[in-house]
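**Q** quick one: sequence and predicted model below, then my questions.
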Amino acid sequence: MNIHGIAINADAGVLDGSLAILRRELDYYRELGFTQVELAPHGAGAIYGGRLDQSRVKEVQALLAKYSFRYTVHGSNPLNLMSGDEVDRQGFIASMEFTAAIGAEIMVYHAGRYLAEENFLFASQNHPTPFEKEVLWEQECTELQKMGDIAAKYGIRIAVENARPYLNVPNYCYAESLEELARMIEAVNHSQVGITLDTGHAYLAACHYGYDLLAGISRMGPYVCHIHLHDNFGRCCASWEKKQYEMAAMGRGDMHMPIGWGKVPASEILDRLPQYHGSITLEMRPRYREHYREALNNVQALLG
């Protein structure tokens, strides 16, 4: 592996559009020794209704210029190229514009969902048929090809992230399967479209569906251009469970803990990616903010 740096995510909910809070967080990350930061345009308050606020982008650029970090960008979680909604397409393009504007090279995109999170409560009525899923899969493929062409103009890469599973809505997203995500990237066949491997999501899905985690990592390995590294206990939860302080006590859900706290086999996963060149983002929930230094130290030790 050739690791270019270790990043921490600037949690969008913590920032909530405040540049004062972003400044505070960047100071903290620098003090801890991080060299890179993953930033979201919606966290920085730079995107509304799928379009960039150019004046806010300039303010963000001026703030980031005061630091020596390198950056990656995480697009808004609800972005979904399967939706057919023009706001999703506009928001995707705006996120790429933001990526280029702050000098980042990677934009993370949560893989398209057959059934979007906002419709989970209506899953029994609205869950697509196998035929409808094939149509949506082809739509995602075509849209990613188009977005890849735009990404090439901006000099950035789109990194499609594998999805976490939920107890109440099985198979809502093709990218719960690492095999299916690799198949999508092969079908897209675009130099600017790769994969973000989210280790926590992959472990949860492997435990939930019973697939071979390390075989899946090897299958998608050639396409991985970004990594999210965090820990959990491999115990899936329902989509409506949000109280992290309760879920953590029971070891359930997408916990986003520091590596070493749970059961994600991080060393074995990274060993399956010998060709990887890029950064690693420690994607932590803000409840672990006091432990960011420990998270960084754990990964540095893991990498040797």
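**A** Yes, it's here.
**Q** the protein: strands as residue ranges?
**A** With strands called from DSSP state E, the chain shows them at 2-9, 36-39, 47-48, 51-52, 70-74, 106-110, 157-161, 193-198, 224-229, 277-282.
**Q** okay, stretch 172-181 in CSV with CA atoms only?
**A** What follows is stretch 172-181 as a C-alpha-only set of coordinates in CSV (Å, rounded to 0.1, in the frame of the first residue of the first chain):
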residue,chain,number,x,y,z
TYR,A,172,-32.4,-1.6,-0.8
CYS,A,173,-29.0,-0.9,-2.5
TYR,A,174,-26.9,-2.8,-4.9
ALA,A,175,-23.7,-1.7,-3.1
GLU,A,176,-24.6,-3.6,0.1
SER,A,177,-22.7,-6.3,-1.9
LEU,A,178,-19.1,-5.6,-2.7
GLU,A,179,-19.4,-8.0,-5.7
GLU,A,180,-22.3,-5.9,-7.1
LEU,A,181,-20.4,-2.7,-6.5
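**Q** residues touching that stretch, excluding its own?
**A** 111-115, 120, 123, 127, 133, 137, 140, 160-166, 184, 195, 202, 205, 209, 211, 216-217, 219-220 (CB atoms under 8 Å, 6 or more residues apart in numbering). For the C-beta atoms, the positions are set from N, CA and C on the backbone; glycine is no exception.
**Q** which of these are buried?
**A** 111-115, 120, 127, 133, 137, 140, 160-166, 184, 195, 202, 205, 216-217, 219-220 (16 or more other CB atoms under 10 Å).
**Q** and those residues, which of them are in helices?
**A** Residues of those located in helices (DSSP state H): 133, 137, 140, 184, 202, 205, 216-217, 219-220.
**Q** in TSV: the residues you listed, plus distance to residue 254 and pLDDT.
**A** As requested, these are exported to TSV (distance: CB to CB, whole Å; pLDDT from 0 to 100):
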residue	distance to residue 254	pLDDT
133	23	96
137	24	97
140	22	98
184	21	98
202	11	98
205	10	98
216	17	98
217	18	98
219	22	97
220	19	97
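**Q** closest to residue 289 out of the residues you listed?
**A** Closest approach to residue 289 among those (CB to CB): residue 202, at 24.2 Å.
**Q** check the gap between residue 164 and residue 90 for me.
**A** 26 Å (CB to CB, to the nearest Å).
**Q** and for residue 54?
**A** 14 Å.
**Q** same question, residue 242
**A** Counting by CB to CB - residue 242 and residue 90 are separated by 28 Å.
**Q** returning to that earlier point: more neighbours: residue 54 and residue 90, which one.
**A** Ranked by neighbour count (other CB atoms under 10 Å), residue 54 and residue 90 place residue 90 first, with 15 against 11.
**Q** what pLDDT is listed against the more buried one?
**A** Per-residue confidence (pLDDT) for residue 90: 97.
**Q** and if you look at residue 124?
**A** Value for residue 124, per-residue pLDDT: 71.
**Q** measure how buried it is and give me the count.
**A** Residues lying near residue 124 (other CB under 10 Å) number 7.
**Q** how near is it to residue 133?
**A** The value you get for residue 124 to residue 133, if CB to CB is used, is 16 Å.
**Q** quick check: closest non-adjacent residue to residue 235.
**A** Using CB to CB, 6 or more residues apart in numbering and skipping the chain neighbours, the partner closest in space to residue 235 is residue 252 (4.5 Å).
**Q** tell me, how many residues neighbour the one you found?
**A** The number of residues near residue 252, taken as other CB under 10 Å, comes to 19.
**Q** again, but for residue 240
**A** Counted with other CB under 10 Å, residue 240 comes out at 10.
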